[in-house]
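Visitor: Could you look at this predicted model? Sequence included:
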Amino acid sequence: MFVMLPLFCFFVFVVIYAATSSEPGPLTRWRVSFVAGALTWGVALTAMTELLSLFRLITFEWLLSCWLGVTLLAVFTGVAVSTKEKVLSLSRLPSLPRFELACLAGVASVALLVGVVAFAAPPNSADSMTYHMARVMHWIQNKTIAPYPTNILRQIVRPPWAEWAIMHFQVLSGGDRWANLVQWFSMVGSVIGASLIAKELGAGTRGQAFAAVLVATIPMGILQASSTQNDYVTAFWMASLMHYLLRFKREPRWTSALGVGTSTALALLTKGTAYIYAFPLLVWFTFSAFRSLRWRLWRPGLLIVAMVLSLNLGHYIRNF
């Protein structure tokens, strides 16, 4: 029951963004709000994990209190910034051609079947037992994410965000039933992110639907979406990064720069390969943005660097 609180908090974030969004069309508005809500949820989880860990307070009572506080704050914010008309407008269903509806139904079917497997089957891969779930149990036992004695160094040095999310669900639920759903959620997010990237590149609804189908049917993706590995979590943050890079190129706003910085930070905090994949994207972004902004680029650049450092500094210091 208590494990539903973080999920409800994410839902509130998405509704707030959707109710205040200026995106044309409900379908685009919900997808953009999903990605923005996920980034906000990821930052909230990081902040409460780092803060509670400092005082060895990673316990059921404190995690529940933090999520309750964040959820109530989000609800009050939503009430303050939203109007009744905006909230009611969110219930309008978009009209899609048959091909796009068929693609959507196929993607939903794949996601549903993978989700059932993820929820029904306990974590069972060798990687989960020696690395992902093992570090989660150490953190819960120690009530902190500080380093501990182990001869499996990847439990200590590798980026921890995906396992932090698993830890929150495990503490609040009392078991590992929800552990695989972090990757499954990221699969759904990657499908949505791919469709948004296609939209930013000029694809119509058919092209966006095809992009979603392409991502949803990746064989390795289907396999990993029901595990506790962190590759799909990284892929989701990278898809979010590409989405916001293209949005910033189209219209350089501070909100897009914030999305770039947060996506990069969470990707780097999830898996080391994100450094390799994010680097050429950020180099392209720098040169592209400099052509239009010139020396004014320092403002969004500073925001991006600040987000990356603020979310990763704790992990860097512990590794050092």
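Guide: Great, that's in hand.
Visitor: any idea how far stretch 58-66 is from the chain center?
Guide: How far stretch 58-66 lies from its chain's middle: 21 Å, per CA atoms, centre = their mean, to the nearest Å.
Visitor: hmm, who's touching it?
Guide: With contact meaning CB atoms under 8 Å, 6 or more residues apart in numbering, stretch 58-66 is reached by 2, 5, 48-49, 52, 139-140, 143-145, 167-168, 171-172. Every residue, glycine included, has its C-beta placed from N, CA and C.
Visitor: buried stuff in that stretch?
Guide: 58, 62, 63, 64, 66 (16 or more other CB atoms under 10 Å).
Visitor: Which one of those is nearest to residue 275?
Guide: Using CB to CB, residue 58 comes nearest to residue 275 of these, at 27.0 Å.
Visitor: Please spell out the ChimeraX selection for the buried subset of the contacts of stretch 58-66.
Guide: Remark: buried members of the contacts of stretch 58-66, expressed as a ChimeraX selection using 16+ other CB under 10 Å:
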select :5,48,49,52,139,143,144,145,167,168,171,172
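Visitor: For the closest residue to residue 188 other than its chain neighbours, give me its contacts.
Guide: Of all residues not flanking residue 188 in the chain, residue 111 sits nearest, at 5.7 Å (CB to CB, 6 or more residues apart in numbering). Residues near residue 111 by CB under 8 Å, 6+ apart: 184, 187, 188, 191, 216.
Visitor: got a winner among the residues you listed for most neighbours?
Guide: Within the contacts of residue 111, residue 187 tops the neighbour count with 27 neighbours, counted by other CB atoms under 10 Å.
Visitor: what's the neighbour count on residue 39?
Guide: The burial count for residue 39: 23, using other CB under 10 Å.
Visitor: Restricting to C-alpha, output stretch 312-320 in CSV.
Guide: Coordinates of each C-alpha in stretch 312-320 appear next as CSV, following Å, rounded to 0.1, in the frame of the first residue of the first chain:
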residue,chain,number,x,y,z
ASN,A,312,26.4,13.7,-9.0
LEU,A,313,28.6,15.5,-6.4
GLY,A,314,27.7,13.1,-3.6
HIS,A,315,28.6,10.0,-5.6
TYR,A,316,31.8,11.7,-6.8
ILE,A,317,32.8,12.5,-3.2
ARG,A,318,32.1,9.0,-1.9
ASN,A,319,34.1,7.5,-4.7
PHE,A,320,37.0,9.8,-4.0
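Visitor: and that stretch, average pLDDT?
Guide: What stretch 312-320 shows for mean pLDDT is 97.
Visitor: tell me which element residue 80 is part of?
Guide: helix 60-81 (DSSP states H and E).
Visitor: low-confidence ranges in the stretch 1-150 of the chain?
Guide: In the predicted model of the stretch 1-150 of the chain, residues 83-85, 87-89, 91, 93 satisfy pLDDT under 70.
Visitor: Could you check how far residue 146 is from residue 241?
Guide: Using CB to CB, to the nearest Å, we find residue 146 at a distance of 29 Å from residue 241.
Visitor: So those two - more neighbours on which side?
Guide: Per other CB under 10 Å, whichever of residue 146 and residue 241 has more neighbours is residue 241, with 26 against 13.
Visitor: Brilliant, that's me finished.
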